[in-house]
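>>> Attaching a predicted model along with its sequence, questions to come.
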Amino acid sequence: DVKVTQSSRYLVKRTGEKVFLECVQDMDHENMFWYRQDPGLGLRLIYFSYDVKMKEKGDIPEGYSVSREKKERFSLILESASTNQTSMYLCASSLANYEQYFGPGTRLTVT
Amino acid sequence: GQSLEQPSEVTAVEGAIVQINCTYQTSGFYGLSWYQQHDGGAPTFLSYNALDGLEETGRFSSFLSRSDSYGYLLLQELQMKDSASYFCAVRDSGNTPLVFGKGTRLSVIA
């Protein structure tokens, strides 16, 4: 079974802090994705990566950056957290683009 | 631009059949995926249609009509555990990520 793990289930940070969200997958997938999920807005793509060292902006990259130094690890960075970044963050990986495997999510609260 | 439309909420009775529709407008089209997400859980992949027609996996079936830019997820013999959100997602080219709809919240009642 594919396993995608995220570093924290719940996280509380203060406005202005730098926040790191880590995602690790164990199935040697090339593709990795970061989404945020908010009620009524569905899944919105923040960044994605199709290879090590490669990254592409998704639909809502503002205020975020990513790092992919190793194939199995994809990190999301909030450079200076703001209250409007309070959300559920979901990481996913895939071999075939249409079938993504999601991690359990990190519920981030910025106060 | 790209857009996917699906109903925001559907309610159905245990044991019945329910259909969740998805219409899409995309610049290209490779296929339509469906995902299920229980409250507090992660989305999980249910099915994928690249060609017109019906794909069946147990109690769940998914249909696609490329000419109508339309698909649906059919859930039969509904169970309480089917209460969840269901997302359709379009793959509009070989290299771009999936575009997700906003989800349909299905409530199964006794």
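Everything's here; your move.
>>> for the chain, what are the low-confidence residue spans?
Picking chain A for this. Across chain A, the ranges flagged by pLDDT under 70 are A:1-2.
>>> my bad, chain B
B:1.
>>> try 80
By pLDDT under 80, the low-scoring segments of chain B are B:1-2, B:93-95.
>>> Can you name the residues of it sitting close to chain A?
Residues of chain B lying close to chain A by CB under 8 Å from any CB of the partner chain are B:8, B:30-31, B:33, B:35, B:41-45, B:48, B:50, B:87, B:89, B:91, B:94-98, B:100-103. C-beta here means a position set from N, CA and C on the backbone, and glycine is covered the same way.
>>> Pull out the buried members of the residues you listed.
With burial judged by 16 or more other CB atoms under 10 Å in any protein chain shown, the buried subset of the residues of chain B next to chain A is B:30-31, B:33, B:35, B:42-43, B:45, B:48, B:87, B:89, B:91, B:96-98, B:100-103.
>>> Can you give me the distance of the most centrally placed residue in chain A to residue A:45?
The centroid of chain A falls nearest to residue A:34 when counting by CA atoms, centre = their mean (3.1 Å). Between residue A:34 and residue A:45 the distance is 8 Å, computed by CB to CB, to the nearest Å.
>>> Now do the shared contacts for these two.
With CB atoms under 8 Å, 6 or more residues apart in numbering or on different chains applied, the overlap between the contact sets of residue A:34 and residue A:45 consists of residue A:58.
>>> ok, how many other residues are close to residue A:54?
Residue neighbour count, defined by other CB atoms under 10 Å in any protein chain shown, stands at 11 for residue A:54.
>>> Same question for the one 4 residues further on.
When neighbours are counted by other CB under 10 Å, residue A:58 registers 19.
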